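K.L.:
how would this look folded up:
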Amino acid sequence: MNTQMREGTHSSKGGFRESKGFAFVSGKNGTCTLKSVGKCRDLDIVIPTESPDGDTVTAIGKKAFAGCKKVTSISFPETITAIGEEAFKDCLSIRSITIPDSVTTIGKAAFSGCASLERIILPFVGGDKNATEASEATLFGYIFGDSQYKNGLQTEQWYEVGGKHFIFYLPSTLKEVTTRGGEIFRGAFMNCSNLMRMTIGDGVASIGPSAFKKCTSLTSITISDSVSDIDSDAFWDCSTLQYNMYDNAYYFGNETNPYVVLVKAKSESITSCDIHENTKIILYRAFLDCTNLTRITIPDNVTCIGYWAFRGCTNLTDITIPDGVTSIEMGTFSRCTSLTSITIPDSVTSIDYGPFQDCVNLTIYCEAPSKPVLWDEKWNGDNRPVIWGKK
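P.N.:
Presented below is the predicted three-dimensional model:
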């Protein structure tokens, strides 16, 4: 295409006027797809809300802006719901992209070859906002594709143990990502070794296993209070992460609440820990083998306790689980050999296998009158004494 392009024209209101000259394809239903850049030569692209024929622009077509090497910015209207495959392939000069929350699908390799990209803000991770299970299309690399290019960083990702591995090429310049919604599934950002700053917004409720595994340059993560569940090893081998400290534990969160997630104990030698009252999640292995820990208070705001969170706390004598907790994971309190009592509120609707394994002195007090349906058959595999209907 002709690369003699020009900067966008400022409007009298201080913003950019909508760019003109694009080619559109009407959907014959009042909507249309932006098919190609057409005669537009702006460097700062402002996608219009309507075509010249009055159709609402709802989609960016496949390869619509491919090869626009001198385009420096793209502004999307809130009317856009879909971005096609390779829509912005080889847009070499774009440094920052913000995708509006109206977008629900992003085609594979939509941003392939965006070799200068430093920052991207997304409404969700991957290709489909409404995804219900992990797949290739829920991996972060999906929208960057598998084509090599100069300054493309080879990144290996997968979404199931023992399953197919995918090779994507991410811009080596990309350091900062924000996602505002959808689920973050297993392995979503795995091996994104250049990623330094991650923001997880208000629309995200859960983070899957290995989601940020081996993000070895990740130093800062901001997590909204909306996140209620973080699965096993989500941040495994994120060796440069920086934490907030309170009492004897490390946390991360957000500017308003820096203590959303308790990541780990300050050391295995701590004797007590007052968990911050605003904490919602205790990560897996958080207090693993803290053998000197004799006292801990779990605040009422906690909703999720990861597996092995208190495993091997051999001097811990009693624990009360707050009413907000709905599930207890595998091995959460296993090998707490001095634990004599634990109270399980009736808010706990599911218990995994063996959370009290090797708790040889334990009596379990349950507010529920009998075993709930979703409690594993081996939730009390060591047959410790159980008192039902305890209020």
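
K.L.:
what's the weakest-modelled helix or strand in the protein?
P.N.:
Within the chain, confidence by mean pLDDT, DSSP states H and E is lowest for strand 318-320 among all helices and strands, at a mean of 87.

K.L.:
and it, which residues are buried?
P.N.:
Within strand 318-320, the residues that count as buried by 16 or more other CB atoms under 10 Å are 318-319. The C-beta positions use only the backbone N, C-alpha and C, and glycine is treated the same way.

K.L.:
and if you look at stretch 263-281?
P.N.:
Across stretch 263-281, burial judged by 16+ other CB under 10 Å covers 263-265, 270, 273, 275-276, 278-281.

K.L.:
hmm, back to that, which other helices and strands contact the least confident helix or strand of the chain?
P.N.:
For strand 318-320, the elements it packs on are strand 341-344, judged by 3 or more CB pairs under 8 Å, 6 or more residues apart in numbering; DSSP states H and E.

K.L.:
quick one: which of the buried residues of stretch 263-281 is nearest to Arg335?
P.N.:
Among the buried residues of stretch 263-281, Ala265 lies closest to Arg335 (CB to CB), at 15.9 Å.

K.L.:
Tell me who's in contact with that closest one.
P.N.:
248-250, 273, 286-287, 290, 293 (CB atoms under 8 Å, 6 or more residues apart in numbering).

K.L.:
go again using 7 Å as the cut-off
P.N.:
248-249, 273, 286-287, 290 (CB atoms under 7 Å, 6 or more residues apart in numbering).

K.L.:
Next, format the buried residues of stretch 263-281 as TSV and append pLDDT, distance to Thr199 and secondary structure.
P.N.:
Below are the buried residues of stretch 263-281 laid out as TSV (pLDDT from 0 to 100; distance: CB to CB, whole Å; DSSP: H, G, I helix; E, B strand; the rest coil):
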residue	pLDDT	distance to Thr199	secondary structure
Val263	96	17	strand
Lys264	96	21	strand
Ala265	97	26	strand
Ile270	97	30	coil
Cys273	94	28	strand
Ile275	96	24	coil
His276	97	21	coil
Asn278	97	19	coil
Thr279	97	19	coil
Lys280	95	17	coil
Ile281	95	17	strand
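
K.L.:
and the closest residue to Ser334 other than its chain neighbours, which of the three is it?
P.N.:
Using CB to CB, 6 or more residues apart in numbering and skipping the chain neighbours, the partner closest in space to Ser334 is Gln357 (4.1 Å). Here Gln357 is recorded as coil under DSSP: H, G, I helix; E, B strand; the rest coil.

K.L.:
Any figure for the gap between Gln357 and Cys313?
P.N.:
Per CB to CB, to the nearest Å, Gln357 is found 13 Å from Cys313.

K.L.:
who has more neighbours, the two?
P.N.:
For Gln357 versus Cys313, neighbours defined as other CB atoms under 10 Å are more numerous around Cys313 (27 against 20).

K.L.:
how about that one, what does it touch?
P.N.:
287, 290-291, 293, 336.

K.L.:
in what helix or strand does it lie?
P.N.:
For Cys313, there is no helix or strand it lies in under DSSP states H and E.

K.L.:
Where does pLDDT dip in this structure?
P.N.:
Per-residue confidence for the chain (pLDDT under 70) gives these ranges: 1-16.

K.L.:
Quick check: the nearest residue to Phe24 once chain neighbours are set aside vs Met330, distance?
P.N.:
Leaving out its chain neighbours, the residue that sits closest to Phe24 by CB to CB, 6+ apart is Ser51, at 4.2 Å. The gap separating Ser51 from Met330 is 55 Å, by CB to CB.
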